[in-house]
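S.K.: model this:
(chains A, B, C and D)
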Number of protein chains: 4
Amino acid sequence: MEKIYQASTAEGAIDFINMYDLEEAAKEVIPKGGYGYISSGAGDIFTYQENERAFNHKLIIPHVLRDVELPVTKTDFEGEELTAPIIMAPVAAHGLANVAAERASAKGVARFGTIYTASSYASCTLKEIREAGGAEAPQWFQFYMSKDDGINRDILAMAKRNGAKAIVLTADATVGGNRETDRRNGFTFPLAMPIVQAYQSGIGQTMDAVYGSSKQKLSSKDVEFIASYSDLPVYVKGVQSEEDVERSLGSGASGIWVSNHGGRQLDGGPAAFDSLQYVAEAVAGRAPIVFDSGVRRGQHIFKALASGADLVAIGRPAIYGLALGGSTGVQQVFDFFKKELEMVMQLAGTQTVNDIKKIALRENRYL
Amino acid sequence: MEKIYQASTAEGAIDFINMYDLEEAAKEVIPKGGYGYISSGAGDIFTYQENERAFNHKLIIPHVLRDVELPVTKTDFEGEELTAPIIMAPVAAHGLANVAAERASAKGVARFGTIYTASSYASCTLKEIREAGGAEAPQWFQFYMSKDDGINRDILAMAKRNGAKAIVLTADATVGGNRETDRRNGFTFPLAMPIVQAYQSGIGQTMDAVYGSSKQKLSSKDVEFIASYSDLPVYVKGVQSEEDVERSLGSGASGIWVSNHGGRQLDGGPAAFDSLQYVAEAVAGRAPIVFDSGVRRGQHIFKALASGADLVAIGRPAIYGLALGGSTGVQQVFDFFKKELEMVMQLAGTQTVNDIKKIALRENRYL
Amino acid sequence: MEKIYQASTAEGAIDFINMYDLEEAAKEVIPKGGYGYISSGAGDIFTYQENERAFNHKLIIPHVLRDVELPVTKTDFEGEELTAPIIMAPVAAHGLANVAAERASAKGVARFGTIYTASSYASCTLKEIREAGGAEAPQWFQFYMSKDDGINRDILAMAKRNGAKAIVLTADATVGGNRETDRRNGFTFPLAMPIVQAYQSGIGQTMDAVYGSSKQKLSSKDVEFIASYSDLPVYVKGVQSEEDVERSLGSGASGIWVSNHGGRQLDGGPAAFDSLQYVAEAVAGRAPIVFDSGVRRGQHIFKALASGADLVAIGRPAIYGLALGGSTGVQQVFDFFKKELEMVMQLAGTQTVNDIKKIALRENRYL
Amino acid sequence: MEKIYQASTAEGAIDFINMYDLEEAAKEVIPKGGYGYISSGAGDIFTYQENERAFNHKLIIPHVLRDVELPVTKTDFEGEELTAPIIMAPVAAHGLANVAAERASAKGVARFGTIYTASSYASCTLKEIREAGGAEAPQWFQFYMSKDDGINRDILAMAKRNGAKAIVLTADATVGGNRETDRRNGFTFPLAMPIVQAYQSGIGQTMDAVYGSSKQKLSSKDVEFIASYSDLPVYVKGVQSEEDVERSLGSGASGIWVSNHGGRQLDGGPAAFDSLQYVAEAVAGRAPIVFDSGVRRGQHIFKALASGADLVAIGRPAIYGLALGGSTGVQQVFDFFKKELEMVMQLAGTQTVNDIKKIALRENRYL
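M.R.: A predicted model of the protein is given here:
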């Protein structure tokens, strides 16, 4: 492990063709331990790899003569007007990628004009994140609960005070996955976690220790508690099955977040995109669906929206943009996805995001 | 980008075993930017690669004791007698491959004895292309529309004047795909586009700019307009679904052209060959079907014909022949496909092209 | 072949991240012939490779909000309390890996707290194995029968005398598979086989000779004979089909052991994990099921348990641990599997082994 | 092309582990042009590769407790007692591999004790082949017909005179496939073809010329003619579909030979093994079935027999044995297959070839 962790201080426009380029470049500027932590998956990385491969399980049929021009990605979501149905996923410790940390990413996302989801394990305080985004920017708060309910109440109160419009309960990480890259690198967190400092020391801890300090025994009661105490919409993150849809909605969740934590938790499970169809069928319009895990292209976003997602969240690519270009880099990443999405919309004959939702993808029979 | 673009001046017989050889050799003589433009696909080149792989999704059963000898590829198509059901696909800017440009390719195709489809973005005028092919040679005109209907009328009139027997409306390229090779090469068009000079400057433009100058908002009305104004059969190119078959035929199209633009437009979509079966079932004999995208072997042509295509169009391979051997090279490429097709016909027990159409391919269950 | 076979003498804690690391490291310390014998598969190693790939045929759905904390792997099995439903598979000649041979492995397994299955072809006597494990440790005896029934009676009596709680009849190795690595290495057994010395000389013999000396003509009568003579539960090992379930249970077997001998016997057959579902359906709860072949991860154990196995046996990984760390290494390997299993249990929302058995895996449709 | 073609003169025992080894070694002793001709497939070698891969489409379930010992491969076939249901496939020009040519291969096959199929394009006369095998050895004659019926009558009479017990009409090679290796090597036949010298010059000709000299226009009438003129059983070789089964049997064929000519003729067609199941179902016991193409293992033979084949023919491997060890090498190759088949029979619980035919293979669902 690096003695002193020296993250990038970059801020400004970056040059890239696609997200694979960006990842390659980011690997050069993020210290090894941090890069390993951010980029790697669990176990045999089967599920991590499936996340990207799975988008080829469904095919977009180019539709012609649809009278489409300059497709519109703008989206009204629960009263917010978003530049596109693309939001920032919660990612721990942005400070690993850039010293400006969440201050920069929240600013970039706000300039793009979409929802920013702040992680409990952020390197900044919620106040700093709030101020970086600006008062108008929609922010959600991702919650890793403490074992102590008093602390949980304090954190929720703090999130509310800082303008959080929804609470995202990450439910698929009650222990850390077998992230072997971190073990090989001897990675321990070099940064503090100010939001959860009441129960989590942060600096010098392994991921296993970090997850060990938070609450394992999550249940429906936690959803009920968060919803009633915060009076905010609760999204349960990590849902991949019909049963968990019912369990979540039945506990008072307002939204479902389909994710497998970017392939970092349970290896040997399905690609998140493959689970999306099960979840969307089960939700059947009762609640909004957010999707993440494996998104690297505009066509991936299109396919997720056509498969039932209302919003698509971006994780690692935004962090690579952050490492290379600070707030500007983050904004460019969102611009990239918007631009590719527009291209796909044009070629698929869809003028609006609502048009995408009515599209039927073709099952790929040849795999 | 090359300062001065120096295309090949080759003319004469070339030596090759198959189309992969030809592509390798062409890469050596076509300037890098031009080769990148011609050869590359969109995005992750998934669809580009699927185009070739897809032919293995269906299998030709060798049929024996069928009393076949010297199979006949000659084809009557809408009153034209063609040497084989293999035609020239519209490809932009043949001048990138050979200074003789479309003059050479039209001549080679005419000598082989089949339909030549001239691209709107040709490096020569329609008059030059017409003269190169000769008055008897059947030529079609591929149309990228202007946003200005007056210009569109002028171009259609010019096509008619130069003997076009059909108009091919390319409908799957209302914006350019994410062709990253061009961006990496910093490719801009080094050549003029005389046919569309009224709305398209050509020289020095990126592909995105070129597509941006043409009409995005294509609809059924454009098919109706072209059909009524030109009084020529209209083929809608880029059709891959039942819906688009109905939309096209319902708008007055006379033929359907199944294509995904050689995998250069929407990545994440199906192989064109896989779409062919959907289209053929929907068309159900109401109109002729042209097929292109991924053809590199006589067996591919056989499979397309057996799957419902009436004509199979060749793009990149002909351009590689053009680069290496001018008009002679182009003709040799068509001869190659004809010869391989004859071999397959013999081994599959089919004496004529009509026999091929009655053949049932076997679904490959093991993929 | 090595003139003098010098196995490792290691004893003590070893450092590893996963089982692939362990195999790499073990390759360095085990003499070439021995390593080839232990690690290799039969023929084209198709079945060997399928054994590992097959676990991806079924997917674990991460289940959230299940009120799980510190999952419990402890298992009651036929009156024995095991630390986890993970046992030691019979493996011949531990002396190839470590001079302490079965004495060390039996000790390590006993310390972990689970069943040890002693191979007929062990490098130690049953008495030594018994003493190494200790009187309380549950031990089973794997039987390769002699062609001489008198000898068989003697061996069974010896097993009983040494506390065997079950007899495992290996039925899938009546001849050796085509283990080409052994032939390339000119491998002959460098060690004696004291348990079967009455019919098997051991030292200097090829695997083919070893299998040739034992009984080929196994039938239902052998199961009946062993069950009645030993008055112990008999497990038939090598069962992969419904028919063999019926044949085994109908002959008086008490348990079914699903295995393809680690891909060392019949190449061109199914992965053992794929066969497990057929067997579990056929057994339908009438008898306990043990599973082995290809297990390298906690998720594999979870998937086997969720597919009907009651116990999962570990072979090669334990031998690699033995080579590198003696009894301690063996114990660490079992600890590794337990720890990974606990992680998977937590993430899959299963508090106990019984919960795992009620889980439905998702069929992987995309292969 | 080699000026003077110097084939191997080897005769005597060779050392090998499996058929892949043998092929590697043979490549060293067979002159390049000859090796290319023998080993290569057509076009993209898709079908060639499928031939071997296809055996994994079906899985052998190891069956236990079946009372099997020393399985018996001996087979009665149409009155002949064969050492195993494994015969010599017709292969042209054994002289490319060994100067002793068919004299050596016929001798090796006779010593093994099975049917030898002499190719029309053999490097020796039928008399030489007959004498090499000995009067008792069962020999079949593979027929490439002349365009001249008089010549055909002469050749059939010659075959009869030399003891042929059946005529094999190769129907899948009425023209040569696109064997590009031969073109790259500039391969022309360096050897005479004495059996067909009345219509085929042989020396100095390309494969295309050779096939061009023989009869293309094969039909049911040819089967009828051969059957009636020779009064011998006729096997139609190259059958892969139900239709061709009916056509063949309806024309008086006595047997069906499933083959795709070792992947050398029509690329883009199915693996021969995949076609076997269609053919076997269509034949439904009305006639014997011979199978070839892609066999490299005993398990392949087992799977073909379990899928409906009565005899399995070996081509390239025998020629490699011929190159390396003359008649002894050929015999060793047949011994290898017999030995592997016995091993598989033992492990699959099948005492006799008839037992194999009653076995149900398991469909591989995971491809």
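S.K.: Does the lowest-mean-pLDDT helix or strand in chain A reach chain C?
M.R.: Least confident helix or strand, chain A: helix A:207-213 with a mean of 91, by mean pLDDT, DSSP states H and E. No. Residues of helix A:207-213 are not located near chain C by CB under 8 Å from any CB of the partner chain, the shortest gap being 9.5 Å. In this view, the C-beta of every residue, glycine as well, is placed from N, C-alpha and C.
S.K.: Tell me which helix or strand comes right after that helix.
M.R.: helix A:220-230 (DSSP states H and E).
S.K.: In terms of pLDDT, where does the residue in the stretch 101-250 of chain A that chain D sits nearest to sit?
M.R.: Nearest residue of the stretch 101-250 of chain A to chain D: A:Q240, at 21.8 Å (CB to the nearest CB). Here the pLDDT value assigned to A:Q240 is 98.
S.K.: Please apply the same query to A:K58.
M.R.: pLDDT at A:K58 comes out at 98.
S.K.: and if you look at A:G202?
M.R.: Taking A:G202 on its own, its pLDDT is 80.
S.K.: just checking, it touches A:I195?
M.R.: No. Assessed by CB atoms under 8 Å, A:G202 is found out of contact with A:I195, at 9.8 Å.
S.K.: The closest residue to A:V330 other than its chain neighbours sits in which helix or strand?
M.R.: Among residues not flanking A:V330 along the chain, A:G108 sits closest, at 3.0 Å (CB to CB, 6 or more residues apart in numbering or on different chains). For A:G108, the element it lies in under DSSP H and E is helix A:101-112.
S.K.: Can you give the distance of that helix from its chain's centre?
M.R.: Relative to the chain's own centre, helix A:101-112 is displaced by 14 Å; criterion: CA atoms, centre = their mean, to the nearest Å.
S.K.: anything in stretch A:254-270 near chain D?
M.R.: No. Applying CB under 8 Å from any CB, one finds stretch A:254-270 separated from chain D by no less than 15.3 Å.
S.K.: With just CA atoms, put that stretch into PDB.
M.R.: The C-alpha trace of stretch A:254-270 is given here as PDB (Å, rounded to 0.1, in the frame of the first residue of the first chain):
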ATOM      1  CA  SER A 254     -40.900   3.900  -3.100                       C
ATOM      2  CA  GLY A 255     -38.500   2.700  -5.800                       C
ATOM      3  CA  ILE A 256     -36.400  -0.300  -6.900                       C
ATOM      4  CA  TRP A 257     -32.800  -0.100  -7.800                       C
ATOM      5  CA  VAL A 258     -31.600  -3.000  -9.900                       C
ATOM      6  CA  SER A 259     -27.900  -3.600  -9.400                       C
ATOM      7  CA  ASN A 260     -25.300  -6.200  -8.500                       C
ATOM      8  CA  HIS A 261     -23.000  -3.600  -7.100                       C
ATOM      9  CA  GLY A 262     -21.000  -3.500 -10.300                       C
ATOM     10  CA  GLY A 263     -20.100  -7.200 -10.000                       C
ATOM     11  CA  ARG A 264     -18.200  -6.500  -6.700                       C
ATOM     12  CA  GLN A 265     -20.300  -8.500  -4.300                       C
ATOM     13  CA  LEU A 266     -21.700 -11.900  -5.100                       C
ATOM     14  CA  ASP A 267     -19.800 -13.600  -8.000                       C
ATOM     15  CA  GLY A 268     -21.700 -16.400  -9.600                       C
ATOM     16  CA  GLY A 269     -24.900 -14.400  -9.900                       C
ATOM     17  CA  PRO A 270     -26.600 -13.000 -12.900                       C
END
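S.K.: Now A:E131: closest residue in space that isn't a chain neighbour?
M.R.: Leaving aside its sequence neighbours, A:E131 sits nearest to A:R103 (CB to CB, 6+ apart; 7.9 Å).
S.K.: Next one, pLDDT for the residue of the stretch 251-367 of chain A found nearest chain B please.
M.R.: Here the residue of the stretch 251-367 of chain A nearest chain B is A:Q299; by CB to the nearest CB that distance is 3.7 Å. Looking at A:Q299, its pLDDT reads 98.
S.K.: cool, and A:V99?
M.R.: A:V99 is assigned 98 on the pLDDT scale.
S.K.: residue contacts, it?
M.R.: A:V99 sits next to A:A7, A:S8, A:T9 when contact means CB atoms under 8 Å, 6 or more residues apart in numbering or on different chains.
S.K.: for chain A, what's the longest helix?
M.R.: In terms of residue count, the longest helix belonging to chain A (DSSP state H) is helix A:316-347.
S.K.: which helices and strands does the next helix or strand after it pack with?
M.R.: Per DSSP H and E, the first helix or strand lying C-terminal to helix A:316-347 is helix A:353-358. On a contact count with 3 or more CB pairs under 8 Å, 6 or more residues apart in numbering or on different chains; DSSP states H and E, helix A:353-358 meets helix A:298-306.
S.K.: Distance from the helix it packs on to the middle of the chain?
M.R.: 15 Å.
S.K.: That one near chain C anywhere?
M.R.: No. Using CB under 8 Å from any CB, helix A:298-306 stays clear of chain C, with a minimum separation of 14.1 Å.
S.K.: Do a quick rundown of the helices in the stretch 51-200 of chain A.
M.R.: Along the stretch 51-200 of chain A, the segments classed as helices by DSSP state H, counting those that start in this stretch run A:101-112, A:126-133, A:149-161, A:180-185.
S.K.: Name the residues of the third one that come out as buried.
M.R.: Meaning helix A:149-161. For helix A:149-161, the neighbour count (16 or more other CB atoms under 10 Å in any protein chain shown) marks A:I151, A:N152, A:I155, A:L156, A:M158, A:A159, A:K160 as buried.
S.K.: for stretch A:169-184, same thing?
M.R.: Buried residues in stretch A:169-184 (16+ other CB under 10 Å): A:169-182.
S.K.: Save those residues as a markdown table, and put in distance to chain B and pLDDT too.
M.R.: Listed next are the buried residues of stretch A:169-184 as a markdown table, based on distance: CB to the nearest CB, whole Å; pLDDT from 0 to 100:
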| residue | distance to chain B | pLDDT |
| --- | --- | --- |
| A:L169 | 32 | 98 |
| A:T170 | 29 | 98 |
| A:A171 | 30 | 98 |
| A:D172 | 27 | 97 |
| A:A173 | 29 | 97 |
| A:T174 | 34 | 96 |
| A:V175 | 34 | 96 |
| A:G176 | 31 | 95 |
| A:G177 | 26 | 96 |
| A:N178 | 29 | 97 |
| A:R179 | 26 | 97 |
| A:E180 | 27 | 97 |
| A:T181 | 24 | 97 |
| A:D182 | 28 | 97 |
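S.K.: Report the buried residues of the least confident helix or strand of chain A.
M.R.: A:M207, A:D208, A:V210, A:Y211, A:S213.
S.K.: contacting residues for the second one?
M.R.: A:D208 makes contact with A:V175, A:G176 under the criterion CB under 8 Å, 6+ apart.
S.K.: Then the fourth one?
M.R.: Under the criterion of CB under 8 Å, 6+ apart, the contact partners of A:Y211 comprise A:A173, A:T174, A:V175, A:G176.
S.K.: List the contacts of the closest residue to A:S259 other than its chain neighbours.
M.R.: Nearest in space to A:S259, with sequence neighbours left out and distances taken as CB to CB, 6+ apart, is A:D292 at 4.7 Å. Going by CB under 8 Å, 6+ apart, A:D292 touches A:A89, A:W257, A:V258, A:S259, A:G262, A:A272, A:V312, A:A313, A:I314, A:G315.
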